[in-house]
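>>> I would like to see how this sequence folds:
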Amino acid sequence: MTTVTRTPPAGRIHAVWTAAHIPAAGVSRRARIAALAIPLTVLPSSLWRIAVCTFHAPIMRGGAGSALGGSGVPGLPLGLYVILLSIVSELLAFTAVGLVSSWGEVFPGWIPVVRGRRVPVLFAAGPAAAGAAVLTALWTWAAISLSLGLRLDGRPSPVDAPLSLGDWKGLLAVAAYAPLLLWGPLLGAVTVSYWRRRRG
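Alright, predicted model coming up:
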């Protein structure tokens, strides 16, 4: 009788995590650090949103109840929407790790049809470059607007706007969102490194 040894779920998660972080050949230390830092630029704002919208932590100017509406998606509560938005944001940020890892050069085995094939350079670098440009423009504009006391649409910010330099709650929100300024430039640097390594 043959005994089948099953890997416990924690062991599988560790194996997947390790495989996702195996660096590709020729990746510089700086490029790897920059790629691994990208998901961390998104994390503080995600945690702040979840704390305010899902757990109703009293850390937002104006109070969570007065300033927040629904999710805008019928049947989806705001708290759940914010959790899903935060997970999607982190997953998008994590794709930058593919630019310095082996799965950014060869399609992983779990992807049907293309598994084991080389990832075309433009397939990865094109969306990454576009993302870097959009993120840099978006968060730079947001920072400029905030510093001028404006909303993203150019209208004046309300007195109790969540992001503000007026009190500790506003400063906490600003501190949570400030790392997003680095997302685009870091992604741009990692994309250039990926392009040079793959084309060289």
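>>> Report the contact partners of Gly28.
Not Gly; residue 28 is Ser. Ser193 (Cβ atoms under 8 Å, 6 or more residues apart in numbering). Yep, even glycine has a C-beta here, placed from its N, CA and C like the rest.
>>> Equivalent analysis for Ala129, please.
Listed by Cβ under 8 Å, 6+ apart, the contact set of Ala129 reads 188, 191.
>>> hmm, 6 Å instead?
Residues in contact with Ala129, defined by Cβ atoms under 6 Å, 6 or more residues apart in numbering, are Thr191.
>>> So for the helix or strand where it lies, what gets flagged as buried?
Element membership for Ala129, per DSSP states H and E: helix 121-147. Going by neighbour count (16 or more other Cβ atoms under 10 Å), the buried part of helix 121-147 is 124-125, 128-129, 131-132, 135-136, 139, 142-143, 145-146.
>>> tell me how far it is from the chain's mean position?
Distance of helix 121-147 from its chain centroid, counting by Cα atoms, centre = their mean, to the nearest Å, is 12 Å.
>>> likewise stretch 162-171?
23 Å.
>>> who's in contact with it?
Under Cβ under 6 Å, 6+ apart, the answer for stretch 162-171 is 59-61, 146, 173-174.
>>> now stretch 114-124
Stretch 114-124 has contacts (Cβ under 6 Å, 6+ apart) with 104-107, 109, 198.
>>> Then stretch 96-109?
Stretch 96-109 has contacts (Cβ under 6 Å, 6+ apart) with 22-24, 27, 31-32, 35, 38, 114-115, 117-119, 124, 187, 190, 194.
>>> try stretch 56-65
Residues outside stretch 56-65 that contact it (Cβ under 6 Å, 6+ apart) are 51-52, 160, 162, 164, 169-170, 172.
>>> Keeping just the C-alphas, turn that stretch into CSV.
Output of stretch 56-65 as CSV, limited to C-alpha atoms (Å, rounded to 0.1, in the frame of the first residue of the first chain):
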residue,chain,number,x,y,z
HIS,A,56,-15.1,52.4,11.2
ALA,A,57,-12.0,53.5,13.1
PRO,A,58,-12.3,57.1,14.2
ILE,A,59,-9.2,58.2,12.3
MET,A,60,-10.9,60.2,9.5
ARG,A,61,-11.6,63.9,9.5
GLY,A,62,-15.3,64.6,9.5
GLY,A,63,-16.2,61.1,10.8
ALA,A,64,-16.6,58.0,8.7
GLY,A,65,-20.4,58.1,8.9
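>>> Show me what counts as buried in that stretch.
Buried residues in stretch 56-65 (16+ other Cβ under 10 Å): 59-62, 64.
>>> Many thanks, we can stop here.
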